[in-house]
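Colleague: pasting the sequence and the predicted coordinates here, then a few questions.
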Amino acid sequence: MNISVVIPAFNEAAHIVECLESLNRQTLPRDEYEIIVVDGGSKDTTRELAEPLADVVFIQTSRKVGGARNDGAMRAGSAILATTDADCIIPRNWLEVILNDFDRNPDVVQLFGPVDPIEKTIKNHISLGMANHFARLGYYTRTLYYTLGCNTAFRKDAFLRAGMYHCIDAGDDLEIARRMKHEGRVMFDSRMRVEFSMRRYEQFGTLESLYEWLYIVAHGGSSEKHQYTRREYK
């Protein structure tokens, strides 16, 4: 296998099949990658739905979403790790783009790319358009790496050396880039896209959710006052 895809999931029965089916339709031959679903103790049929479509499905032992990604990384059998979310839809060339970037750029240790909304409203297109612009601006100015966990990839050895994800309430996917850049180059590729669900932002409010996310990043990864990060998750 050339690449392992790690997907944290919790009560995602309504979405995980579409995500996994998109991963099973990649341009890479299916025997060149593995799909690992790390379940956070779902109370619905997430695991049962995932098992026919993934190579490995197991219940996480570490805390938070970052811990689920770490658990999956430790089970991965490939030198390259890719992470996404159970409610995302993955374009057919996603894994091929990731592998080509790592092959052509031996100094790169982490890759990330833009996101498009699954729920195609004008508001969602504007919100993610601004987020993608922010990601490009941060990358090209070297001031911030907006490395969302739904669309990122690592060299596994560098990921382990950097200490993996921190198990915090939010912002773990951005925080890790601060450590990865000391292991090598962090690279943005606009061809590396995923379709991202805005359902949580729509539920809690886009501005409120973004404010809380930035608050948590600035205050070390915890929040007692906001509802977005009090969502039930192991």
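Modeller: Thanks, I have the structure now. Numbers count the residues shown, from 1 in each chain.

Colleague: in the protein, where is pLDDT below threshold?
Modeller: Flagging of the chain using pLDDT under 70 yields the residue ranges 124-125, 199-234.

Colleague: strands of that one, start to end?
Modeller: 3-9, 33-39, 56-59, 80-83, 108-112, 115-117, 152-155, 185-188, 194-196 (DSSP state E).

Colleague: got those as CSV, with distance to Asn24 and mean neighbour count columns?
Modeller: Where C-beta positions appear, they are placed from N, C-alpha and C, glycine not excepted. Output for the strands of the chain, formatted as CSV (distance: least, C-beta to C-beta, whole Å; neighbours: other C-beta atoms under 10 Å):
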stretch, distance to Asn24, mean neighbour count
strand 3-9, 10, 26
strand 33-39, 8, 24
strand 56-59, 14, 16
strand 80-83, 14, 25
strand 108-112, 21, 24
strand 115-117, 20, 19
strand 152-155, 18, 27
strand 185-188, 26, 18
strand 194-196, 15, 22
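
Colleague: those into a markdown table, with extra columns for distance to Ile90?
Modeller: Shown next, in a markdown table, are the strands of the chain (distance: least, C-beta to C-beta, whole Å):
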| stretch | distance to Ile90 |
| --- | --- |
| strand 3-9 | 8 |
| strand 33-39 | 10 |
| strand 56-59 | 17 |
| strand 80-83 | 9 |
| strand 108-112 | 14 |
| strand 115-117 | 11 |
| strand 152-155 | 12 |
| strand 185-188 | 18 |
| strand 194-196 | 6 |
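
Colleague: now for these, which one comes closest to Asp173?
Modeller: Of all the strands of the chain, it is strand 152-155 that lies closest to Asp173, at 6.7 Å by C-beta to C-beta.

Colleague: off-centre distance for the closest one?
Modeller: With C-alpha atoms, centre = their mean, to the nearest Å as the basis, strand 152-155 stands 10 Å off its chain's centre.

Colleague: which neighbours does it have in its sheet, and in what orientation?
Modeller: Sheet pairing for strand 152-155, assigned by DSSP bridges, gives strand 80-83 (antiparallel), strand 108-112 (antiparallel).

Colleague: could you dump the ones you listed into CSV with distance to Glu96 added?
Modeller: Output for the strands paired with strand 152-155, formatted as CSV (distance: least, C-beta to C-beta, whole Å):
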stretch, distance to Glu96
strand 80-83, 11
strand 108-112, 13
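
Colleague: between the ones you listed, which gets nearest to Tyr165?
Modeller: strand 80-83 (8.9 Å).

Colleague: contacts for the closest one?
Modeller: 2-7, 69, 72-73, 94-95, 98-99, 102, 149-150, 152-156, 159, 173 (C-beta atoms under 8 Å, 6 or more residues apart in numbering).
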